[in-house]
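Undergrad: I'll drop the sequence and a predicted model, then ask my questions.
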Amino acid sequence: MEKFIRDLPKAELHLHIEGTLEPEMMFELAQRNNIDLPYKSVSEVRDAYNFTDLQSFLDIYYQGSEVLQKEQDFYDLTWAYLEKAASQNVRHTEIFFDPQCHTSRGIAFETVYQGIYQALQDGQTKLGISSNLILSFLRDLSAEEAFATLEQALPYKDTIPAVGLDSAEQGNPPSKFKEVFDRAQAEGFLTVAHAGEEGPPEYIWEAINLLKVSRIDHGVRSMEDPELLDYLVDKQIPLTVCPLSNVELKVFDSMAKHNLKKLLNLGICATVNSDDPSYFGGYIAENYQAAQSALDLTKQELYQLAKNSFQASFLSPESKHKLI
Ligand code: HPA
Ligand code: ZN
């Protein structure tokens, strides 16, 4: 089964590039940039990854990101992810980046963008992995700050097909960003949003009806609203599910309690993704594997999840046809 999963051609659609920062690289970059870390060793870093909810993770994730300073740092981070993805037969990836996590520390938008984008270009030519970038707004910051970030992205909009919404969900509903997303759409961006990870099903409805999203990131709490489930099936609005993340952040008590299999078998276009692999204990293959063994997913179901990942992507119909 492990080999079947690794060899399955896959697309990864929910991956925060800052969440791929392995503790080893955190130390390397801290040294390179003369930054003092609050940890003495790699194992001390890993010991700190003991989360009780989304916020407890975000605190550590934003702190870790501070070692990212130069364009080369962003390049190295992204390249390391792409090599890992290639080793697990990821053929296409749609990667979130959180510019505000860096611009708020005085790092220029261009520095962040150029480092990531150059690595993605090399990923295409050297590893054969195609990529799309998704600029994600931090929903715990204001709509005005999101507007300012959108402005910074406009010169690069031809290479950033979509915008998204992440960070602390509770109390920061999609409706807060309706005007920003309207503007982004007017500029030609597609939209996605994290919704129904910790937040209620109403946030998923808002993401659909107000932000006009092409897919929902997480969305596992849709299970609480039968009408919403019917709608997701009917319109084939995909969910980018992240099983290890959900268990690590206590959205589910255990993998055996995860609703991925139920969502899939209801006819929802569910996909499997790694979210923040260095923090949650595994990349995409480990996510498929953990879900497979806890939920007893069949090869047919695994194949369907992988097929859904291409179907749910922003690839053109011709590229999808070639990859599926
Ligand atoms: N949820 C919200 N914000 C995030 C996440 C997540 O899973 N990962 C990185 N930022
Ligand atoms: Zn996420």
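TA: Alright, I've got the coordinates. Ligands and ions are numbered 1, 2, ... in the order given.

Undergrad: so residue 106 is in which element?
TA: Using DSSP states H and E, residue 106 falls within no helix or strand.

Undergrad: and for the one 10 residues further on?
TA: Assignment of secondary structure by DSSP H and E places residue 116 within helix 109-122.

Undergrad: contacts for that helix, please.
TA: 17, 68, 70-79, 82, 95, 97, 99, 102-103, 131, 133, 149, 152-153, 156, 159 (C-beta atoms under 8 Å, 6 or more residues apart in numbering). (Each C-beta comes from the backbone N, C-alpha and C, glycine too.)

Undergrad: how about the chain: which residue is closest to ligand 1?
TA: The nearest approach of the chain to ligand 1 comes at residue 166, 3.6 Å away (C-beta to the nearest ligand atom).

Undergrad: that residue contacts residue 195, doesn't it?
TA: No - the pair residue 166 / residue 195 is not scored as a contact, 10.2 Å apart, by C-beta atoms under 8 Å.

Undergrad: tell me which of those two has more neighbours.
TA: Under the criterion of other C-beta atoms under 10 Å, the comparison of residue 166 against residue 195 puts residue 195 first, with 30 against 26.

Undergrad: ok, the more buried one touching residue 215?
TA: No - at 10.2 Å, residue 195 does not count as touching residue 215 under the criterion of C-beta under 8 Å.

Undergrad: which parts of this protein sit against ligand 1?
TA: Counting by C-beta under 6 Å from any ligand atom, the chain comes close to ligand 1 at 16, 19, 54, 61, 166-167, 194, 197, 245, 275-276.

Undergrad: let's see 5 Å
TA: 16, 166-167, 194, 275-276 (C-beta under 5 Å from any ligand atom).

Undergrad: out of these, name the ones that lie in strands.
TA: 16, 166, 194 (DSSP state E).

Undergrad: the residue lying closest to the last one once chain neighbours are set aside: what secondary structure?
TA: Closest residue in space to residue 194, ignoring its immediate chain neighbours: residue 217 at 4.2 Å, by C-beta to C-beta, 6 or more residues apart in numbering. Three-state call for residue 217 (DSSP: H, G, I helix; E, B strand; the rest coil): strand.

Undergrad: what residues are bridge-paired with residue 217?
TA: Beta bridges link residue 217 to residue 194, residue 240, judged by DSSP bridges.

Undergrad: in three-state terms, label the residue nearest to residue 37 when sequence neighbours are not counted for me.
TA: Leaving out its chain neighbours, the residue that sits closest to residue 37 by C-beta to C-beta, 6+ apart is residue 30, at 4.9 Å. The local conformation at residue 30, judged by three-state DSSP, is helix.

Undergrad: can I assume residue 30 is in contact with residue 65?
TA: No - at 11.7 Å, residue 30 does not count as touching residue 65 under the criterion of C-beta under 8 Å.

Undergrad: who has more neighbours, the two?
TA: Set residue 30 next to residue 65 and count neighbours by other C-beta under 10 Å: residue 65 wins out with 20 against 17.

Undergrad: residues contacting the more buried one?
TA: Residue 65 neighbours (C-beta under 8 Å, 6+ apart): 18, 21, 98, 101-102.
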